[in-house]
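> return a 3D structure for these sequence lines:
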Amino acid sequence: MIQHTDRRTESRVNQRGIEFDDCTVRHGLIVQRQAGTIGAVEYLKTSGVGAAVITRVLSGQSLRDEDRQMLALDDEALAV
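You can find the predicted model right below:
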């Protein structure tokens, strides 16, 4: 039997037992926009986010709708 894991919980614990949340990941996206991918990787790593999540988020693969909306709002704010 396959068990499904809810990946939309507010906070997660990585393999080392360090907790992070959706805000941390979203902030990483903002850091990527402002300081580049290397800065975002370093921020997310020090915040306890695992390599698989970092790769998925910063490469743009399977971004959540909420994250896309946040980035679109950021684009609109920068255009003003």
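
> when you work out contacts or count neighbours from here on, use the C-alpha atoms and nothing else.
Will do.

> how about the helices in the protein?
With DSSP state H as the criterion, the chain has helices at 22-35, 37-46, 51-59, 65-79.

> what about the longest one, average pLDDT?
Looking back up the chat, that one is helix 65-79. Helix 65-79 shows an average pLDDT of 76 in the prediction.

> about what we covered before: I'd like the helices of the chain as a markdown table, with mean neighbour count appended.
As requested, the helices of the chain are exported to a markdown table (neighbours: other CA atoms under 10 Å):
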| stretch | mean neighbour count |
| --- | --- |
| helix 22-35 | 17 |
| helix 37-46 | 17 |
| helix 51-59 | 14 |
| helix 65-79 | 12 |
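
> how much space between residue 29 and residue 47?
Distance of residue 29 to residue 47, given as CA to CA, to the nearest Å: 13 Å.

> same check on residue 28?
9 Å.

> so what's the nearest residue to residue 32 once chain neighbours are set aside up against?
Counting by CA to CA, 6 or more residues apart in numbering, residue 40 is the residue found nearest to residue 32 once chain neighbours are left out, at 4.8 Å. By CA atoms under 8 Å, 6 or more residues apart in numbering, residue 40 lies in contact with 28, 29, 31, 32, 58.

> likewise residue 39?
31, 32.

> any low-confidence regions in the protein?
1-20, 74-80 (pLDDT under 70).

> recalculate using a threshold of 90.
1-26, 33, 47-50, 52-53, 56-57, 60-80 (pLDDT under 90).

> against residue 27, how distant is residue 70?
10 Å.

> before we move on, what about residue 43?
Taking CA to CA, one finds residue 43 at 9 Å from residue 27.
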